[in-house]
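A.B. asks: Quick one: sequence and predicted model below, then my questions.
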Amino acid sequence: MPKIGMEPLRRKALIDATISAIGERGSLDVTMSEIAGRAGVSSALAHHYFGAKDELLFATMRHILAELNADTRRAFRPAATPRQRVSAVVAVSFSDEQFQPETIAAWLAFYVEAQKSSALRRLLRIYARRLHSNLMSGLTGILPKAEADRVAEATAALIDGLYIRRALKDGVPNAQSAIALVEDYLETKLNGRSLP
C-alpha cells in the first residue's frame, strides 16, 4: 500500500478545516489562522501550501466538486437504465457524504461569494454544467431532447433550492425528504415514459 506524504494529508486537513469553519460561521468570513488552528497546523504552513485565503477557498470548492463528481461516477456504475441514472444523480446530491450541514453551508457561502469572485463563479458554472449533463445522460434516454433539457434544468433547480432551504434551517438535514421531493417531480414529468 503506497504511503501518503505529509503534504497531501495537511492540504486535506486544511480543506476539511475550511469546510468546518465556513459551516460553523455560515460565511467565508474565516481567517487563515482560524482554519490552520482547526487543522492543527501553523498559519505559516497554511500560507505555504495555499498562499492567500482566496486560494484555499478555491481549492476547497474544487475539492467539494471533485468529491461530488467521484461519488456520481460511482453511483452510475450499477445504474442499468436511463431512469436509474437520473435517480443516481439525485441520490448522490443528497448522500451522507454530500448533504452534511458544513458542506451545505459551504455551498451557500460559495454561491454568495461567487457574485464577487470570478474564479468561484467559474467553478459554480462547471458544477451546474456537470449536474445538467449528468441528468441529461439519463433523461435523453426517456424524453425528447428539448423536454429532457427542461426537466434537467428544473431538477437541478430543485436540488440547488433544497440546499439553500436546508442552509437556512437548524437541525440535521433530512436527505430522504429531499430525495422524495425531487423524485416526486421526476415521476410527474416521466409518468408513463420512464424505462424500467
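C.D. replies: Sure, I can see it.

A.B. asks: Name the residues that touch stretch 54-64?
C.D. replies: Residues outside stretch 54-64 that contact it (C-beta atoms under 8 Å, 6 or more residues apart in numbering): 11-12, 14-15, 18-19, 22, 28, 32, 35, 46, 50, 103, 106-107, 110, 113, 117, 119-120, 123-124. No exception for glycine: its C-beta is placed from N, CA and C like everyone else's.

A.B. asks: What would that stretch look like as CSV? C-alpha coordinates only.
C.D. replies: Backbone C-alpha positions of stretch 54-64 (Å, rounded to 0.1, in the frame of the first residue of the first chain) are rendered in CSV as follows:
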residue,chain,number,x,y,z
ASP,A,54,-8.7,33.0,-1.6
GLU,A,55,-6.6,30.2,-3.0
LEU,A,56,-7.5,28.0,-0.1
LEU,A,57,-11.2,28.8,-0.7
PHE,A,58,-10.8,28.0,-4.4
ALA,A,59,-9.1,24.7,-3.5
THR,A,60,-11.9,23.8,-1.0
MET,A,61,-14.5,24.4,-3.7
ARG,A,62,-12.6,22.3,-6.2
HIS,A,63,-12.3,19.6,-3.6
ILE,A,64,-16.1,19.6,-2.9
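
A.B. asks: Now that stretch: buried residues?
C.D. replies: Residues of stretch 54-64 classed as buried by neighbour count (16 or more other C-beta atoms under 10 Å): 56-61, 63-64.

A.B. asks: Please apply the same query to stretch 174-193.
C.D. replies: 175, 178-179, 181-183, 185-186, 189-190.

A.B. asks: mind putting the residues you listed in a markdown table, pLDDT and distance to Val89 included?
C.D. replies: Output for the buried residues of stretch 174-193, formatted as a markdown table (pLDDT from 0 to 100; distance: C-beta to C-beta, whole Å):
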| residue | pLDDT | distance to Val89 |
| --- | --- | --- |
| Ala175 | 93 | 14 |
| Ala178 | 94 | 13 |
| Ile179 | 96 | 11 |
| Leu181 | 95 | 15 |
| Val182 | 97 | 9 |
| Glu183 | 97 | 11 |
| Tyr185 | 97 | 13 |
| Leu186 | 97 | 10 |
| Lys189 | 94 | 14 |
| Leu190 | 93 | 14 |
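
A.B. asks: got any ranges where the protein has weak pLDDT?
C.D. replies: Residues of the chain that meet the criterion pLDDT under 70 lie in 1-6, 170-171, 192-196.

A.B. asks: And the helices in it?
C.D. replies: Under the criterion DSSP state H, helices of the chain are mapped to 6-25, 32-39, 43-50, 53-76, 82-93, 101-113, 118-139, 145-167, 175-190.
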